[in-house]
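Asker: Build the 3D model from these lines:
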Amino acid sequence: MINKYTLDNGLRIVTEKIGYVKSASIGIWVNVGSNNENDETNGLSHFIEHMLFKGTKNRRANEIAEEVDNIGGQMNAFTSKECTCFYVKVLDENIVEAVDILSDMFFNSLFKQEEIDKEISVVIEEIKMYEDSPEDLVHDKLTEIIFNESPMAYNILGTEKNLKTFTTEKVLSYMNDKYSPHNTVIAVAGSFDEELFVNLIKEKFSKWQNKFVEHVDKDSRYERKVVGINKDLEQLHVCIGNKTIGRHHEDYHSLLVLNNIFGGTMSSRIFQEVRENRGLVYSIYSFVSNYSNSGIFSIYAGMSYDQVEEAIRTVLKQMVSMKNSEITMKEFNRAKQQIKGNYILGLESTSSRMSAIGRRELLFNEILYPEEVINSINNVKLEDVIKVANELFDIDKLSITFTGNLNKHKGIEEIINKVLGEKYEN
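Answerer: Prediction:
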């Protein structure tokens, strides 16, 4: 049973009891991510996530870590394009201590300039780590193209240039502007006393004053591009993608089924044809990143430089095959079963259950029960998947990003454009 409470200041609490566990996961979800930023503030949402672990009026940074360890808990946080989450998982007997630590970090963090300066260096190293990962690099570049001038195009980590402008005043100003009870949800799942938990949250959060925070969902016109990034690499890394629908769209579950058939698993079309049958790549897969109002469908592959033409051509042929309704009932039913299985298995931990109810309430102001999700997957028809394929697999709208040693292996962009320009359909 999932319950929802709303405090007088607008803060929402969602709870789900799981009777067979002895732990609870608690998360503070704030509807603030990189899509709330601008050119000057890009990276601040993620930076604040880091800074909440750097000491409060009541606890030094090492004491936060020690107290969580003392109760055998696990604490972490993450930032996405649409939200920031601070969470802890503890034994049910330690919920009071866990809420106290979380609320102290949330309201009493010091944001000392000396700690900010140190953390700037840490995040710059994090940026460099991602830049050294060609797989992440081509995905990020594709995101920039798909979302163009929208804030959704921003890198969640920010830029080195921006990070070096962060001060105590700038961090506090952004947090005061963007964090509010009305755009925050506290979620708990697992074993807990419901009345005790709700009263704890009231005690810690009811004095937090509400204010209006404007959310601008700025979209931009997508224009397909082919973009290469020069890196001294032994392989060529390629990402192929198109803009797609958001999570609330009626075709959302049909898109998930399409992705599973096309490249979401080891039994998928492109894994079997491009890797197993033809041996053109070592790694290849497709995935969807869906947000509130839009998303990205993308395919990643790593290959030898001399395999790029045939590998991309084979992927495009598989797209056309699906558009032409060449999908068997066997692979269609297998895809739906895999999605249902992965979904249910993913709900077997208190952390994932907390995430499911917290994220859904935060972004869509609703709770979906597992039975509703399963029914939505069951209701997907083969013709729904073919319809999405015809909308998504428009070769004239596909963008491609790639990275590798382009100085040594010249002409890669010309090869890609040549393959994109070939005729695949009558």
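Asker: residue nearest the centroid of the chain?
Answerer: S80 (5.5 Å; C-alpha atoms, centre = their mean).
Asker: I'd like to know how far that one sits from V30.
Answerer: 11 Å (C-beta to C-beta, to the nearest Å). In this view, the C-beta of every residue, glycine as well, is placed from N, C-alpha and C.
Asker: thinking again about what came up before, for the residue nearest to the centre of the chain, which non-adjacent residue is closest in space?
Answerer: Excluding its sequence neighbours, the residue lying closest to S80 (C-beta to C-beta, 6 or more residues apart in numbering) is G33, at 5.1 Å.
Asker: Is it correct that I13 falls within a strand?
Answerer: Yes: inclusion of I13 in a strand is indicated when DSSP: H, G, I helix; E, B strand; the rest coil is applied.
Asker: Tell me the helices and strands packed up against whichever strand or helix holds V288.
Answerer: Assignment of secondary structure by DSSP states H and E places V288 within strand 281-290. In this structure, strand 281-290 makes packing contacts with helix 252-259, helix 269-270, strand 295-303, helix 308-323, judged by 3 or more C-beta pairs under 8 Å, 6 or more residues apart in numbering; DSSP states H and E.
Asker: Provide a list of residues in contact with Q235.
Answerer: Taking C-beta atoms under 8 Å, 6 or more residues apart in numbering as the definition of contact, the neighbours of Q235 are 134, 302-305, 404.
Asker: one step back: residues near the residue nearest to S80, how many?
Answerer: Using other C-beta atoms under 10 Å, the number of residues around G33 comes to 24.
Asker: Local confidence estimate at it?
Answerer: The predicted local distance difference test score for G33 is 95.
Asker: From M152, how far off is it?
Answerer: Noted for G33: a distance of 9 Å to M152, by C-beta to C-beta.
Asker: Now list whatever residues contact both of these two.
Answerer: With contacts defined as C-beta under 8 Å, 6+ apart, the residues adjacent to both G33 and M152 are K81.
Asker: Can you show me the strands along this protein?
Answerer: If you assign secondary structure with DSSP state E, the strands in the chain sit at 2-6, 12-17, 23-30, 74-79, 84-91, 184-190, 226-230, 236-244, 281-290, 295-303, 399-404.
Asker: counting contacts, what elements does the fifth one pack onto?
Answerer: What it means is strand 84-91. Contacts of strand 84-91 with other secondary structure elements, assessed using 3+ C-beta pairs under 8 Å, 6+ apart, are made with strand 23-30, helix 44-51, strand 74-79, helix 95-108, helix 350-364.
Asker: which residues of the stretch 301-426 of the chain score low on pLDDT?
Answerer: Filtered on pLDDT under 70, the stretch 301-426 of the chain yields the residue ranges 426.
Asker: and with 90 instead?
Answerer: When residues are selected by pLDDT under 90, those of the stretch 301-426 of the chain lie in 346-348, 367-369, 423-426.
Asker: go on, the stretch 51-200 of the chain?
Answerer: Applying pLDDT under 90 to the predicted model, the residue ranges of the stretch 51-200 of the chain that meet it are 149.
Asker: let's go with 70 and repeat that
Answerer: Judged by pLDDT under 70, no stretch of the stretch 51-200 of the chain qualifies at all.
Asker: Stretch 179-194 spans what distance, first to last residue?
Answerer: Its first and final residues considered, stretch 179-194 spans 26 Å by C-alpha to C-alpha, to the nearest Å.
Asker: in it, what's buried?
Answerer: Judged by neighbour count (16 or more other C-beta atoms under 10 Å), stretch 179-194 contains these buried residues: 179-181, 183-192.
Asker: In those, find the pair that's most separated.
Answerer: In the buried residues of stretch 179-194, the most distant members under the criterion C-beta to C-beta are S180 and S191, with 30.4 Å between them.
Asker: how about TSV for the contacts of Q235, with neighbour count and distance to D232 added?
Answerer: As requested, the contacts of Q235 are arranged in TSV below (neighbours: other C-beta atoms under 10 Å; distance: C-beta to C-beta, whole Å):
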residue	neighbour count	distance to D232
P134	21	11
G302	19	15
M303	23	17
S304	15	15
Y305	18	13
G404	26	9
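Asker: possible to save those as TSV with distance to L347?
Answerer: Below are these laid out as TSV (distance: C-beta to C-beta, whole Å):
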residue	distance to L347
P134	33
G302	32
M303	36
S304	40
Y305	43
G404	40
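Asker: Which one of those residues is nearest to E49?
Answerer: Proximity to E49 was ranked across the contacts of Q235 by C-beta to C-beta; first place goes to P134, at 25.5 Å.
Asker: Show me the beta-bridge partners of the nearest residue to the closest one once chain neighbours are set aside.
Answerer: Taking C-beta to C-beta, 6+ apart, and ignoring the residues beside it in sequence, P134 has H237 as its nearest neighbour in space, at 4.0 Å. When bridges are taken as DSSP bridges, the partners of H237 come out as G302, T403.
Asker: residues near H237, how many?
Answerer: Other residues near H237 come to 23 when the count uses other C-beta under 10 Å.
Asker: With N148 instead?
Answerer: Other residues lying near N148 total 15 when counted by other C-beta under 10 Å.
Asker: likewise the one 5 residues further on?
Answerer: When neighbours are defined as other C-beta under 10 Å, A153 has 18 of them.
Asker: For the residue nearest to the centre of the chain, which residues are in contact?
Answerer: By C-beta under 8 Å, 6+ apart, the contact list for S80 reads 33-34, 156.
Asker: coming back round to it: any chance of the helices and strands packed on strand 84-91 in JSON lines, plus mean neighbour count and distance to I344?
Answerer: Formatted as JSON lines, the helices and strands packed on strand 84-91 follow (neighbours: other C-beta atoms under 10 Å; distance: least, C-beta to C-beta, whole Å):
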{"stretch": "strand 23-30", "mean neighbour count": "26", "distance to I344": "18"}
{"stretch": "helix 44-51", "mean neighbour count": "24", "distance to I344": "30"}
{"stretch": "strand 74-79", "mean neighbour count": "17", "distance to I344": "23"}
{"stretch": "helix 95-108", "mean neighbour count": "19", "distance to I344": "26"}
{"stretch": "helix 350-364", "mean neighbour count": "21", "distance to I344": "11"}
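Asker: just so I know, which of these lies nearest D394?
Answerer: helix 350-364 (28.0 Å).
Asker: other SSEs contacting that closest one?
Answerer: The helices and strands touching helix 350-364, judged by 3+ C-beta pairs under 8 Å, 6+ apart, are strand 12-17, strand 23-30, strand 84-91, strand 184-190.
Asker: Can I get the ones you listed in CSV including distance to L102?
Answerer: Formatted as CSV, the entries for the helices and strands packed on helix 350-364 read as follows, by distance: least, C-beta to C-beta, whole Å:
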stretch, distance to L102
strand 12-17, 13
strand 23-30, 6
strand 84-91, 6
strand 184-190, 9
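Asker: Okay then, goodbye and thanks.
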